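Asks: here is my input, please return the structure:
(one chain, ligands or ions: 1)
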Amino acid sequence: MAQHRPADIAKIARQIYRSGPPIMRKLQHWRPMICPYHILVDQVPTGARVLDVGCGAGLFLGTLAATNRIGGGLGFDSSAPAIEMGNSMTGELPQANDVSFECLDATRPWPEGAFDLISLIDVMHHVPPAAQRGVFAKAAARTAPGKWFLYKDMARRPFWRATANRLHDLVVAREWINYVDLQDILSWGTEEGLTVHARQEIDMLWYRHELILFRRPQ
Ligand SMILES: C[S@@+](CC[C@H](N)C(=O)[O-])C[C@H]1O[C@@H](n2cnc3c(N)ncnc32)[C@H](O)[C@@H]1O
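Replies: Now for the predicted structure:
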């Protein structure tokens, strides 16, 4: 059973996002009510260093740092305004945090460093189809023996839930998204030498989420 409720995470989001453009700030405040952060945070080992790929405005790392779950983290995203908001959010985190953000496209070389967990949350459906396998391979390559790769994305089925999310992304991101079938993600994990440690399907409102926690064997 999850240790947090969506409302607990939404409260943290309101505490750490206090400045920046009002619409972007509100999106962070409400995101925990439609995206299962309350379950995602429990997948992260205590004290871990996390690389959050496509971190948006940094809500995942911000939540983990605000709850003292992690030792530190680096997030990167191709959106400059999102990264600006993430960097200003770090001022609201506990002083000893070691969390930072960089503007970078996931198809470019990734930042150096050793991480205990790589997270890829709701990013894959925004990546052009021709680049999706490569981004997955990069995340797998950065998952060292005994370490973790947390994948979460929107489900391609049932059709009505996938369509509801497609409309969401047309309005919020002004993008026609490209879902990856969960079976492909599982096959790619096997091809990259990863094992599935946990797997979950979560419905929140009309959205269906698919979570896979991969691990690279020792
Ligand atoms: C739905 S948001 C999720 C943000 C964050 N992971 C979260 O859960 O709040 C998708 C993010 O992926 C980012 N993104 C899409 N394509 C990307 C790419 N090729 N490289 C880096 N970031 C990318 C977008 O800029 C956006 O911030």
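Asks: helices of this structure, start to end?
Replies: Counting by DSSP state H, the chain has helices at residues 6-16, 22-30, 37-40, 59-66, 80-89, 129-141, 159-172, 182-191.
Asks: ok, residue 136 - contacts?
Replies: Under the criterion of Cβ atoms under 8 Å, 6 or more residues apart in numbering, the neighbours of residue 136 are 120, 124, 185, 188, 192. Just so you know, the C-beta spots here come from the backbone N, C-alpha and C atoms, and that holds for glycine as well.
Asks: if we use 10 Å, what do you get?
Replies: Contacts of residue 136 were listed using Cβ atoms under 10 Å, 6 or more residues apart in numbering, and they are 120, 124, 127, 149, 151, 180, 184-185, 188-189, 191-192, 194.
Asks: can you select the buried ones among the residues you listed for me in PyMOL?
Replies: In PyMOL, this line selects whichever of the contacts of residue 136 come out buried by 16 or more other Cβ atoms under 10 Å:
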select buried, resi 120+124+127+149+151+180+185+188+189+192+194
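Asks: near the ligand, which of the contacts of residue 136 show up?
Replies: Taking Cβ under 6 Å from any ligand atom as the test, the ligand is in contact with residue 127 out of the contacts of residue 136.
Asks: show me what contacts the residue nearest to residue 70 when sequence neighbours are not counted?
Replies: Taking Cβ to Cβ, 6 or more residues apart in numbering as the measure, residue 70 lies nearest to residue 64, with 4.4 Å between them; neighbours along the chain are not counted. Contact analysis of residue 64 by Cβ under 10 Å, 6+ apart lists 12, 37, 40-41, 44, 46, 48, 50, 52, 58, 70-73, 93, 97, 99, 117, 119.
Asks: which bits of this structure sit near the ligand?
Replies: Within the chain, the positions lying close to the ligand (Cβ under 6 Å from any ligand atom) are 31, 35, 54-56, 59-60, 77-79, 82, 105-107, 121-123, 126-127.
Asks: pull out the buried residues from those residues.
Replies: Neighbour-count burial within the residues of the chain next to the ligand applies to 31, 35, 54-56, 59-60, 77-79, 82, 106, 121-123, 126-127; the criterion is 16+ other Cβ under 10 Å.
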